[in-house]
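K.L.:
Give the three-dimensional model of this entry:
(2 chains)
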Amino acid sequence: MNTFYTRWLGGKKGAIELAVLAVFILVVMPLWLDIFRLNLVGKYLTYAFAAVGLVMVWGYGGILSLGQGVFFGIGGYCMAMFLKLEASDPISTAHQTTPGIPDFMDWNQITHLPLIWEPFHSLTFSLFAVILVPILLAYIISTAMFKRRVGGVYFSIITQAIAAILTILVVGQQGLTGGINGITDLKTIHGWNINTDSAKYILYFTSGILLLGVIMLCRFILSSKFGRLLLAMRDKEDRVRFSGYDVANFKIFTFSVGAAISAIGGAMFTLQVGFMSPSLIGIVPSIEMVIFAAIGGRMSLIGAVYGTLLVNYGKSAFSESFPSLWLFLMGSMFIGVVMFFPNGLAGLYDVYMKKWVEKLAMKVKKIAVPGKLNSVKTEL
Amino acid sequence: MGGYSISDLWSILVMQGFSGLSLFSVLLLMALGLAIIFGQMGVINMAHGEFMTIGAYTIYMFSKVTQQYFPSLMPYYFVVAIFAAFGIAFAAGYLVEFLLIRHLYKRPLDTLLATWGLSLIMQQIFRTVFGAREVSATLPDWLMGAWKPTPDIDIPLNGLFVMAISLVVTAAVVLFLYRSSWGLKVRATTQNRIMAGSVGINTKKIDRVTFAMGCGIAGIAGATFTTIASTGPTSGSLYIVDTFLVVVFGGAGSVIGTVASAFSIAQAQSILTFFLTNAMGKVVTLMTIIIILMIRPEGLFRSKVRKH
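P.N.:
As a prediction, this is how the structure comes out:
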């Protein structure tokens, strides 16, 4: 229990922050918003997975991945493939030339299900694939790079190129992936319709709880010796290496964890939004995920969630009313967050709000203790 | 490759090869600027594509103005416009270095993000000023048409012209870097910034001018770009990933490496595109480069100053 409190929850301060976030996501939002808006927030929460992954990879690991969308996308596609197969049973696709295969394959004159799609008939396999395929890819990429001591800007560029390649590939292989439209018209998991209002509530809460769980897992990882090594490595990689640690392995592990977290987000995205398309895996979405983490504070797991929600809220609010202003604002955010407040919202909170909040907490405490009532009165 | 006779294949190879040369020219000019900046300062300029777009729009404006007011000068405007493209992109780069980049030299990853933000802003400025639709400059007549060495082979003149420009610019850059006193200072700063500073080289000034130069060359790239395609607000950003790969693949800081890698990437892409689809040609090329980079991360030509 003690370990759970100090390491998973992050002690008293961490537990309070986590509780506030939990109340915000699981209580305030559902009570305040109607199902349409809540579903939108749910979509943003799935991006928050990627942002939390980036806090691990970039904030703590010092590895700037510009290809986080790749893992988000693979997670999403793995989930979408399962859902699409279930939606394309022979009866509902009877009007096709080849019944029983997804509609976009039929449009592309494909007459039998490609081999790579076969295993996605099984939900268990798909769920494993959501996590394991991105981890495998992340492992291959990062092993190749980090074992040869390639890092920094080089790594970022390569990850970005991979995001570009995957997008072109997915768009180009229309018969296999649904092309630019992606995989659409997803309906059920084992007969459970994901498009009803009640399902949307359930999926929203699942996302929220999973996100909180992921944050706790990250805290657990970071509070270990590994977490401290990670920080040491980010700041003075050579010293850690000279102390006898294999730096590359730590980086590979972090990068793979970040990939898995993003992939969970991607799978939840597919479930909540009901489609998956290449527009979520390319260069632009990948780098936007970085700005979510940066705005929230690259060192703050919790901040990343608020950052994601804020930026996305801004995006939908602005692009509805002043679409041309949004890019200016987005651009200024990139520049501003780097030049003026590198620690994002979390940094601003620490500098300006924390004292005030702590003072308030002290006062509340004093009021709560009856013996000290007089002293509080004089102070007030 | 069935269905093509040997002579067909040869013609295809030559023609695709030449269309690859246009791509090569644009990539080379883009990569040259980026490689100099990256080699010297370790800074990746994500807005590099937008400096190229500045160059392209400069040509467009020149062609509009010439057409409107001095139609008799149409055959000559292009040459002047190239210099103007360099000048305007140079000035913009100078300003950007002064306002933004110089504050971030210690943080290369952050520069990546800040310049990405800059590129978004610049794209939106282009969109506001020139509109979202693609525009194209009216080219002088002598750039139109094709050269036909054999009946099967058509080599467009604009492609040859573009290639000539890029070779001239590359030669100029090499001369500048290796034969001028300014180039000596640039190389000194690249190799050892602190030592260069201590022998009296104003490294900050060198940085600023180098950055502006890189952007200026991107401006020329934009100028040549207008002869082979039309210009839109996001034209530059389409080339940025390829350009990065050219730089990394060539080995940052090595001009020969940059030329060689721009050539191989452009040719591979252009020839593969013919036999596979457009998308797959690109995927195969980029994928191959990434796999080669994973095996040989220092790129084609190892540079002495490379730090990660």
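
K.L.:
How many neighbouring residues does the residue of the stretch 201-350 of chain A found nearest chain B have?
P.N.:
Proximity of the stretch 201-350 of chain A to chain B (C-beta to the nearest C-beta) peaks at A:Phe334, 2.5 Å away. (C-beta placed from N, C-alpha, C; glycine too.) A:Phe334 has 27 neighbouring residues, counting by other C-beta atoms under 10 Å in any protein chain shown.

K.L.:
Now do the contacts for it.
P.N.:
A:Ile291, A:Ala294, B:Leu113, B:Ala114, B:Trp116, B:Gly117, B:Leu118, B:Leu120 (C-beta atoms under 8 Å, 6 or more residues apart in numbering or on different chains).

K.L.:
Downstream of the strand or helix carrying the last one, the next helix or strand is which one?
P.N.:
Assignment of secondary structure by DSSP states H and E places B:Leu120 within helix B:108-130. The element immediately downstream of helix B:108-130 (helix or strand, assigned by DSSP H and E) is strand B:146-147.

K.L.:
Could you pull out the helices in the stretch 201-308 of chain B for me?
P.N.:
B:203-228, B:235-250, B:255-275, B:278-295 (DSSP state H, counting those that start in this stretch).

K.L.:
Quick one: closest of those to B:Leu13.
P.N.:
In terms of C-beta to C-beta, the element of the helices of the stretch 201-308 of chain B nearest to B:Leu13 is helix B:255-275, at 6.8 Å.

K.L.:
List the buried residues in the closest one.
P.N.:
Buried positions in helix B:255-275, judged by neighbour count with 16 or more other C-beta atoms under 10 Å in any protein chain shown: B:255, B:257-273.

K.L.:
before we move on, what about stretch A:140-154?
P.N.:
Quick answer for stretch A:140-154 (16+ other C-beta under 10 Å): A:Ile141, A:Ser142, A:Thr143, A:Ala144, A:Met145, A:Phe146, A:Lys147, A:Val150, A:Gly151, A:Gly152, A:Val153, A:Tyr154.

K.L.:
And for stretch B:66-79?
P.N.:
B:Thr66, B:Tyr77, B:Phe78.

K.L.:
The second one sits in which helix or strand?
P.N.:
To tie it back to what came earlier, the one meant is B:Tyr77. Assessed by DSSP H and E, B:Tyr77 sits inside helix B:74-99.

K.L.:
List phi and psi for residue 297.
P.N.:
By default, I'm working from chain A. Main-chain torsions, A:Gly297, degrees, to the nearest 10: phi 120, psi 110.

K.L.:
hm, I was asking about chain B
P.N.:
Torsion angles, degrees, to the nearest 10, at B:Pro297: phi -60, psi -20.

K.L.:
nearest spatial neighbour of it, skipping sequence neighbours?
P.N.:
Excluding the flanking residues, the one nearest B:Pro297 by C-beta to C-beta, 6 or more residues apart in numbering or on different chains is A:Val150, at 4.3 Å.

K.L.:
Find me the pLDDT at the one you found, would you?
P.N.:
The model reports A:Val150 with a pLDDT of 79.

K.L.:
quick one: low-confidence ranges for the stretch 51-200 of chain B?
P.N.:
Along the stretch 51-200 of chain B, the parts satisfying pLDDT under 70 run over B:149-153.

K.L.:
Which residue would be the closest one in the stretch 51-200 of chain B to chain A?
P.N.:
For the stretch 51-200 of chain B, C-beta to the nearest C-beta, closest residue to chain A: B:Gly117, 2.5 Å.

K.L.:
Surely that residue is in contact with A:Leu329?
P.N.:
No. Proximity of B:Gly117 to A:Leu329 does not meet the contact threshold set by C-beta atoms under 8 Å, at 10.0 Å.

K.L.:
And these two? Which one has more around it.
P.N.:
Remark: of B:Gly117 and A:Leu329, B:Gly117 carries more neighbours, 26 against 18, as counted by other C-beta under 10 Å.

K.L.:
list the contacts for the more buried one?
P.N.:
Contacts for B:Gly117 (C-beta under 8 Å, 6+ apart) come out as A:Met330, A:Gly331, A:Ser332, A:Met333, A:Phe334, A:Ile335, A:Val338.

K.L.:
Just give the closest residue to it, not the sequence neighbours.
P.N.:
A:Phe334 is the one closest to B:Gly117 (C-beta to C-beta, 6+ apart), at 2.5 Å.

K.L.:
Which secondary structure element is home to that neighbour?
P.N.:
Here A:Phe334 sits within helix A:323-339, counting by DSSP H and E.

K.L.:
Heading C-terminal from whichever strand or helix holds A:Tyr154, find the next helix or strand.
P.N.:
Assigned by DSSP H and E, A:Tyr154 belongs to helix A:152-172. Following helix A:152-172 in sequence order, the next helix or strand is helix A:174-177 (DSSP H and E).

K.L.:
residues making contact with that following helix?
P.N.:
Contacts of helix A:174-177 (C-beta under 8 Å, 6+ apart): A:77, A:104-105, A:108-110, A:114, A:116, A:169-171, A:180, A:183, A:278.
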